[in-house]
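Chemist: Predicted model follows, preceded by the sequence.
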Amino acid sequence: MPAPANTFKKRLEARETQVGLWVSSGDASIAELAAGCGYDWLVIDGEHGPNGLRDILGQLRAVGDKSHPVVRVPDDNRATIKQMLDIGAQTILVPMIDSAEQAREAVRSMLYPPKGVRGVGAAVARASGYSAIGDYTQTANETVCLLVQVESLKGLEALDDILAVEGVDGVFIGPSDLGTDMGYGPDAPEVREAVTGALKRIQEGGKAAGVLATVPDVAKDYVDMGVEFVAVGGDVLVLRAALCDLRAKF
Ligand SMILES: O=C(O)C(=O)C[C@H](O)[C@@H](O)CO
């Protein structure tokens with residue numbers, strides 16, 4: 001029996017637009033709740049959310065097959081990527097990618113030899129159903145999905161080289177980090193122009209493009225552009241706004 005198909009990856013390859021949500025709370029109940037709201041994908045945020053390996057494991061179990069969990073790792077550390085894949089993440093989002101070399105190393109971390117350097121331990125891991133999936137090691141390379149974040153001026157300069165890296169399935173432009181590097185907030189017109197231009201370059205470069213927009217009208221613009229994976233908000237941001245709005249009514 002082969003590794004389970006990655007429906008998110010297949011839809012990226014079909015150039016469909018998938019609507020997602022950032023889940024930064026680190027809470028499995030909120031992840032489970034969000035998974036039932038119709039989002040095609042959910043970022044389980046291991047970079048800025050209070051998420052360790054077991055926290056992410058709990059959120060993967062809570063999301064189940066109700067949505068597609070995209071695990072954002074803290075950085076491009078090879079061992080961390082291996083651990084997230086072994087607990088069952090199929091799609092990994094790697095932040096702060098500034099060069100093609102970094103992107104190539106991230107690809108190698110995702111794949112079993114000879115194409116990569118992912119350590120073989122799936123027999124005792126959730127990814128293979130604790131060995132229920134007998135052919136996991138032989139088939140997993142085709143089902144994992146690597147998304148890299150380009151979110152600095154240096155990364156934008158290297159974007160064409162990053163787009164040429166085989167094994168990168170999608171490139172996400174991070175408005176907050178890119179904007180800060182540019183000297184602006186994420187919603188500044190200068191940042192929106194840079195983000196939009198980068199997204200078009202990604203698509204022209206043959207990769208799936210991704211972005212986060214917490215302002216609905218901006219998110220709609222990206223969906224209308226045909227951006228392939230668009231996060232339209234975050235659990236923490238939406239919850240706080242709703243709680244403040246409710247309190248203001250009394
Ligand atoms: O730079 C960005 O924007 C992102 O990478 C997304 C943020 O990190 C996310 O936490 C929302 O603020």
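Modeler: Ah, there it is.

Chemist: Remind me what the helix or strand harbouring residue 180 packs against, helices and strands.
Modeler: In the assignment (DSSP states H and E), residue 180 maps to helix 175-182. Using 3 or more C-beta pairs under 8 Å, 6 or more residues apart in numbering; DSSP states H and E as the contact criterion, the neighbours of helix 175-182 among helices and strands are helix 153-157, helix 189-204, strand 208-212. No exception for glycine: its C-beta is placed from N, CA and C like everyone else's.

Chemist: can I get those in TSV with mean pLDDT and distance to residue 26?
Modeler: Compiled in TSV, the helices and strands packed on helix 175-182 are given as follows (pLDDT from 0 to 100; distance: least, C-beta to C-beta, whole Å):
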stretch	mean pLDDT	distance to residue 26
helix 153-157	98	27
helix 189-204	98	27
strand 208-212	98	18
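
Chemist: Which of those has the highest mean neighbour count?
Modeler: Per-stretch averages of neighbours, counted by mean count of other C-beta atoms under 10 Å, single out strand 208-212 among the helices and strands packed on helix 175-182, with a mean of 26.

Chemist: For residue 104, which of the helices and strands packed on helix 175-182 is the nearest?
Modeler: Each of the helices and strands packed on helix 175-182 was scored for nearness to residue 104 using C-beta to C-beta, and the closest is helix 153-157 (14.4 Å).

Chemist: got the contact list for residue 39?
Modeler: Residue 39 makes contacts with 19-21, 67, as judged by C-beta atoms under 8 Å, 6 or more residues apart in numbering.

Chemist: Redo these as JSON lines? Include secondary structure and neighbour count.
Modeler: Conversion of the contacts of residue 39 to JSON lines gives the following (DSSP: H, G, I helix; E, B strand; the rest coil; neighbours: other C-beta atoms under 10 Å):
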{"residue": "19", "secondary structure": "strand", "neighbour count": "15"}
{"residue": "20", "secondary structure": "strand", "neighbour count": "22"}
{"residue": "21", "secondary structure": "strand", "neighbour count": "24"}
{"residue": "67", "secondary structure": "coil", "neighbour count": "22"}
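
Chemist: Excluding sequence neighbours, find me the nearest residue to the closest residue to the ligand within the chain.
Modeler: When distances are taken as C-beta to the nearest ligand atom, the chain approaches the ligand most closely through residue 174, which lies 2.6 Å from it. When the adjacent residues along the chain are set aside, residue 174 lies closest to residue 151, with 3.1 Å between them (C-beta to C-beta, 6 or more residues apart in numbering).
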